[in-house]
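Chemist: Test case, fold it:
(chains A, B and C)
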Amino acid sequence: MTGAQSPLLQVGQVTKSFGALVAVNDLTFDVGEGEVLGIMGPNGAGKSTLFNLIMGAMPLSDGAINFAGQKIDGLQANQICSMGIGRTYQIPQPFRHMTVVENVVVGLLYGQHKSAMEPAHERALEILETVRLADKAELMAGQLGLLDLKRLEMARALSTNPRLLLLDEIAGGLVESEVEELEQNIDDLKSHGQSMIIIEHVIRTLFNHSDRILVMNFGTEVAIDTPPKIAENEEVIDIYLGEELDEKKVVSTVQIPVEERDTILAVSNISAGYGEFQALFDVSLEIRKGEIVALIGINGAGKSTLTRAVTNQIPLTAGGVTWQGEDLAKYQAYDIVDLGISQCLEGRKIFNHMTVLENLEIGAYPTHAREKRFETLKWIYELFPRLEERADQLGGTLSGGEQQMLAIGRALMALPELIIFDEISLGLAPKIIDDIYEIIPIIVEHGTTVLLIEQNVHRSLGIADRAYILERGRVTLTGSAQELIENKEIQEAYFGLETA
Amino acid sequence: MSFYTVSAGALNGLMLGGLYACMALGLSMVFGVMRFVNVAHGELLVLAAFLSFVFSTAFGLHPFIVVLILIPILFVFGYVVQRVLINPLMSAGLEPSLLTAFGLSIIAQNLFVEIWGGNTKSLNNNFSEMNVTLLGIDVPMLYVISFFVGIIVTLGVHLFITRTYTGRAIRAATQDAATAMVMGINVNRIYAITAAIGAATAALGGTLIGMTFSFTPTTGFPWLLKGFVVVVLGGMGNIFGTLAGGLLLGLSEGIGAAFVGTGYRDMVGFVIFLLVLMFRPNGLFGLKGSE
Amino acid sequence: MMDKKYSPWAILILVTVVLAFVPSMGDRYLLFIAYFLVLNVAFAQSWNLVGGYTGLISLGHAAFFGIGAYAAAISIITFELPVIAGFIIGGLASTAFAFLISFPTFRFKGIYFAIGTLVLAEALRIWMINWEYIGGAQGMQFPIGIGFRLTGYFYIMLGLAVGSTALLMYILRSKLGVGLRAIRDNEDGAQNLGVDIFRTKLTALMISAFIAGLVGAVHAGRLGAIEPYSIFGAAWTIGVVNIVIIGGMGTIFGPIVGAIFVTLLTEAMADFSGIHLIIEGVILILVIRFMPYGLWGFVLKMLRRIPLFGGTRA
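Modeler: Numbers count the residues shown, from 1 in each chain, chains lettered A, B, ... in the order given. Here you go, the predicted structure:
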């Protein structure tokens, strides 16, 4: 045991870069014995990467991590586990062909205390009791549903008897009552003096359980403070809601009233998810020709799942989607772009080992777009002169803003009737977001309808005609952008807590 | 051993390296694009050699003419096998496709025996007795031809995957299959085309093997192993890496054999394989951190 | 763990007792088949431990077999050690080889293990063919009168088959077994729970190699003469992979079912040597596609549909 004044975990000037992308940038913080540190930040802020770094899954680019006074960066995950750090995964990683109790036995046999087989089995059952999984101890882990898998993640992390517990999105994807149950577990652990770091998108959970909260964006620290202070922090509110705009910056250019336009995409009562994990519940929305529709929600709300469900990348469990009156169910995912729906994916998804020009040309893969690709290319280069300058450079060498331009350009190369922009402002500086947002009206004027998926409320409402608010897989609010801007409940709905 | 022996070994080996590259290209491509470890690639080469044998004896055609018929035949064969047998297993991880290929290789070897018997065959051709003198060293004509075929095939495949839409779709699917799908690319079809191209290059590789050496129904296995050495050397899925790996293997075998004797000739490649595996697991020309 | 509705130990004892009576039936041909059956079982369990329970697909298992055979032959012929000592040295030599190849082949989660073992086994075979000290391509011959009769070898091999099956059953219930299966299901997850991946895989591979080496050594004694072409031949690897996958990889009785199936198929098709391998190959491909746990897994699944056998687990 080290002295009481020395913190349990010390993260010192830690940096991790993947090529040009800096996932974690010069991050420094401590976690004291018995402390609970919450971490929040938008998708891609580097939160899970930070856990991977602490757990030794990948080497640091710079900096040092100390645990209980000993340097742990450079050690292997199993050694770090033996020193007393346990983690859960955001997406549960059970041993599917082993029983639930065997899953927990692994950590007891190999973790910090290395029990013998018999006591390990008994102790495993006790741990399962605490996470309310004892009745399913003899089931195969592959048969569990999401809540049970999350409980199992917790049980497995506890089985190593950690001095520090890393919880990654333990409440993600669960419904209200289930979240409460896992919160109860966190409470119990906290009252026993368990040190924890919690990454969470359910912000209420985070605010209620953390002693301090670290807010991250672009891999750097935005703020680290107590929950009430964080809730008041302007910079934090900006990250989540976007900067407040005084008025709608752009008015829709097409002056036909919304009601008189044809519906091109109709989503009716769809549900979908990944295996046991249901991410969308009875969602309906419609998009009319020439509109800009915003779909707004925090990460984990189900926005990207909705895109995947609409574009046939994952199967629907209920409901249906029609495109210009035709049921999409009979098509394959790769047919969607041929039909006229093009996507600009979250995280840009540039083909890193292909040149800018090649990336753009791949965008024009559908036959009708391929024939007109030289004209389209000219137009794209007018929109983004930067792309023409960099035409022969590899996609992976571009800056974040340039990659976003390329992703938009690539989606436009398909000559879509509807373009879906998934989180195009994510991880970009405000000035660059401005530049990119200026393009959207031009695209609409060009005859393309836009579905804008955003977590940045003010940005998206500033440009959209109408919007849908998605919360935990459900549409909770919808209306014209103007109505929603005036609706002060949004902020509350968004943060899930009362802000000052 | 004289300087002449070593340099003759080196030059001969380098020329033969073109054949190595050509026969390993398909193996490298299917792994690079879809992580499919095709342990039946050797049998594909032997199949090409046998078909060449059948056509050239039946119609009295030169193997180089026959290969022109063979390329489309193997192209279709590769496409169908990939679509019917391998694609359905792609989502289940590496093992099922690998073990299915293993099964295919057992079936193929024994079918060859049933159809063509176990005797050693070779493709008769007017080049096999010819030599070319390069830098004062005698090199078999077929080695020289192999060298150029290897380079031409590599360049051809490179041009295809960089200049054509289908080729770019292959590269896109390699880098990120999910995103490629969103771009409108039918990834299953792309996988089948990749396997088809791999099989088409094997048509050339197998014919060259049949002309330069002899073959039996079980010859595929040693060629598969040489293929793995080439691919690991060059970096899996790296087209020019495969050419470089082939030439390098040929060169080191040639030099190595001059030192340790021809009985251990094949060992040279295996030792290199082991060293690369230990110290440069991404291949000598592989991209760092690509795995 | 096993279903409580049937006792694996009872099945194992029953099968053993039945086989133990084969020599007393006085049919030498039948004894021959039984000998190959138990050899296949023991060798298959060796492969099953790494391929089925650890997720390491070995395509060079012939090397472990061959090293065992040669190490035994050298000990017995050249150094004139007792036969049994030679067998054990065979097992140990194979274990040492496993230790050596683990360093290059354990990188890159699985792919390189399959390719690496395939290539290394062939490299070893070529080495053996050229190594004059151990007879080169001619191989080695045991002196007349050394070793056992067929019945003796049958009982030794039966012991290895039962012993390796029992050992696997024991391992599966031990700490090692839990670690192996965790690695097979999710390597990163296992490591985060404290499992030392390299050491655990290495332990499994060394045990597997020890069994394979013993089997090779005993078989070398039975043959009386060995040469590298067949002892290190890929046929051994092909056979063992077929047996385990057709029977059911990652199950205890799968290799036994597979060995019975393949041995009997081989006998039934003895007059059409090539055809039986073609049929085996086709069955292999069908099993991979439609029965991921092989014939035995399929049987268990069917049994569970009958209420008497109940249970939910494999």
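
Chemist: Check whether A:Leu477 really touches A:Arg466, as I assumed.
Modeler: No - using Cβ atoms under 8 Å, A:Leu477 is not in contact with A:Arg466; the gap is 11.3 Å. C-beta coordinates here come from the backbone N, C-alpha and C atoms, glycine included.

Chemist: helix/strand/coil for residue 126?
Modeler: If you meant another chain, say so; for now it's chain A. helix (DSSP: H, G, I helix; E, B strand; the rest coil).

Chemist: actually chain B
Modeler: Taking three-state DSSP, the label given to B:Asn126 is coil.

Chemist: Any stretches of the chain with poor pLDDT?
Modeler: This is for chain A. Across chain A, the ranges flagged by pLDDT under 70 are A:1-5, A:20, A:173, A:175, A:241-259, A:276, A:299, A:490-500.

Chemist: should've been chain C
Modeler: C:1-6, C:108-110, C:305-314.

Chemist: if we go to 50?
Modeler: By pLDDT under 50, the low-scoring segments of chain C are C:1-4, C:309-314.

Chemist: So which of A:Leu477 and A:Arg466 has more stuff around it?
Modeler: Neighbour tally, A:Leu477 and A:Arg466, criterion other Cβ atoms under 10 Å in any protein chain shown: the higher count belongs to A:Arg466, 22 against 16.

Chemist: and the more buried one, what is it in contact with?
Modeler: Applying Cβ atoms under 8 Å, 6 or more residues apart in numbering or on different chains, we find A:Arg466 in contact with A:258, A:291, A:293-294, A:478-481.

Chemist: run the last query once more with 10 Å
Modeler: Contact analysis of A:Arg466 by Cβ atoms under 10 Å, 6 or more residues apart in numbering or on different chains lists A:252, A:258, A:285-288, A:291-294, A:478-484.

Chemist: A:Glu176 now?
Modeler: Neighbouring residues of A:Glu176 by Cβ under 10 Å, 6+ apart: A:202, A:472.

Chemist: what about A:Ser177, neighbour count?
Modeler: Under the criterion other Cβ under 10 Å, the count of neighbours that A:Ser177 has is 8.

Chemist: ok, it - contacts?
Modeler: By Cβ under 10 Å, 6+ apart, the contact set of A:Ser177 is A:Leu147.

Chemist: Which helix or which strand is home to it?
Modeler: helix A:176-191 (DSSP states H and E).

Chemist: Tell me which helix or strand comes right after that helix.
Modeler: strand A:195-199.

Chemist: just the contacts of A:Arg466 that are near chain B?
Modeler: Applying Cβ under 10 Å from any Cβ of the partner chain to the contacts of A:Arg466, one finds that nothing falls near chain B.

Chemist: and the residue lying farthest from the centre of chain A, how far is that from A:Leu125?
Modeler: Distance from the C-alpha centroid of chain A peaks at A:Glu118, with 41.0 Å (Cα atoms, centre = their mean). From A:Glu118 over to A:Leu125 the distance is 12 Å, taken as Cβ to Cβ, to the nearest Å.

Chemist: what's the distance between B:Leu247 and chain C?
Modeler: Distance, B:Leu247 to chain C, using Cβ to the nearest Cβ, to the nearest Å: 19 Å.

Chemist: tell me the contacts of the spatially closest residue to that residue that is not a sequence neighbour?
Modeler: Residue nearest to B:Leu247 in three dimensions, not counting chain neighbours: B:Gly17, with 3.6 Å by Cβ to Cβ, 6 or more residues apart in numbering or on different chains. Neighbour list for B:Gly17: B:143, B:146-147, B:150, B:230, B:243-254 [criterion: Cβ under 10 Å, 6+ apart].

Chemist: and the stretch 1-150 of chain A, which of its residues are near chain B?
Modeler: The stretch 1-150 of chain A has residues A:18-19 near chain B, with proximity defined as Cβ under 10 Å from any Cβ.
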